[in-house]
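Q: quick one, what's the 3D model for this:
(chains A and B)
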2 protein chains.
Amino acid sequence: MVQKIGSQYKEILNQYMQRQSEQNLYVGQNFSRQLISENTSPEDVISMHKAAMQELYEEMPDTVWHSFDFLIEMMINYGLALQERQSLLQRQE
Amino acid sequence: MVQKIGSQYKEILNQYMQRQSEQNLYVGQNFSRQLISENTSPEDVISMHKAAMQELYEEMPDTVWHSFDFLIEMMINYGLALQERQSLLQRQE
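A: Numbering: from 1, shown residues only, chains lettered A, B, ... in the order given. Reported below is the predicted structural model:
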């Protein structure tokens, strides 16, 4: 399941990277809505992004990969805040 | 204000990039807590990250900058979900 999402993400990112069109961004936005509805955390999105970039552009300088690692760490607390939203919504039901 | 946060972010990222230590990651995590408490959206974090990287490593291939643009777009709906958490919390008060 995670693998399927990862390859979908890679495909959508790859399309965007070829053209950088508004339409490709729109596809990305729709996909992010799906990810949120499946409770994919923002740090998981950055991890998928890093993995997809590593497959698409393996020759990048290490700096790029380190920079994604830092972003993943930055997003962990955002993920926790989103879990809180989830439990607040459930409490309302 | 935004500028101050941006330069703090750049400093913390720069420290991490030099050493990639656990301690530097920990500083990043603490900083992310501060950003959340100030309602900084996840897409703003990616924008700051991109801007800091552009200042620190201006020679990177364009692919890197395009990839951050895509991530910013992916995070917009996460930002909206976090705003929802904020209003749910306020409703509880």
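
Q: thought A:Asn39 was touching A:Gln86?
A: Yes. Here A:Asn39 reaches A:Gln86: they are 6.8 Å apart, a contact under C-beta atoms under 8 Å. (Each C-beta comes from the backbone N, C-alpha and C, glycine too.)

Q: okay, now A:Asp44: neighbour count?
A: For A:Asp44, the count of nearby residues is 18 (other C-beta atoms under 10 Å in any protein chain shown).

Q: how close does it get to A:Pro61?
A: The gap separating A:Asp44 from A:Pro61 is 24 Å, by C-beta to C-beta, to the nearest Å.

Q: leaving aside the residues adjacent along the chain, what's closest to A:His49?
A: The shortest distance from A:His49 to any non-neighbouring residue, by C-beta to C-beta, 6 or more residues apart in numbering or on different chains, is to B:Leu71 (5.7 Å).

Q: let me see the contact set for the one you found.
A: A:45-46, A:49, B:46 (C-beta atoms under 8 Å, 6 or more residues apart in numbering or on different chains).

Q: out of those residues, which is most surrounded?
A: A:Ile46 (27 neighbours).

Q: next one, pLDDT for that residue please.
A: At A:Ile46, the model reports a pLDDT of 98.

Q: how about it, secondary structure?
A: helix (DSSP: H, G, I helix; E, B strand; the rest coil).

Q: need the residues of chain A near chain B, please.
A: Taking C-beta under 8 Å from any C-beta of the partner chain as the contact definition, chain A meets chain B at A:13, A:16-17, A:20, A:25, A:28-29, A:31-33, A:35-36, A:42, A:45-46, A:49, A:53, A:57, A:60-61, A:63-64, A:66-67, A:69-71, A:73-78, A:81-82, A:84-85, A:88-89, A:92.

Q: name the SS class of the closest residue to chain B within chain A, please.
A: Taking C-beta to the nearest C-beta as the measure, the point where chain A comes nearest chain B is A:Arg85, at 3.5 Å. Of the three states, A:Arg85 takes helix under three-state DSSP.

Q: ok, the nearest residue to it once chain neighbours are set aside - contacts?
A: Nearest-residue entry for A:Arg85: B:Arg85, 3.5 Å, with adjacent residues in sequence omitted and distances by C-beta to C-beta, 6+ apart. Residues in contact with B:Arg85 (C-beta under 8 Å, 6+ apart) are A:81-82, A:84-85, A:88.
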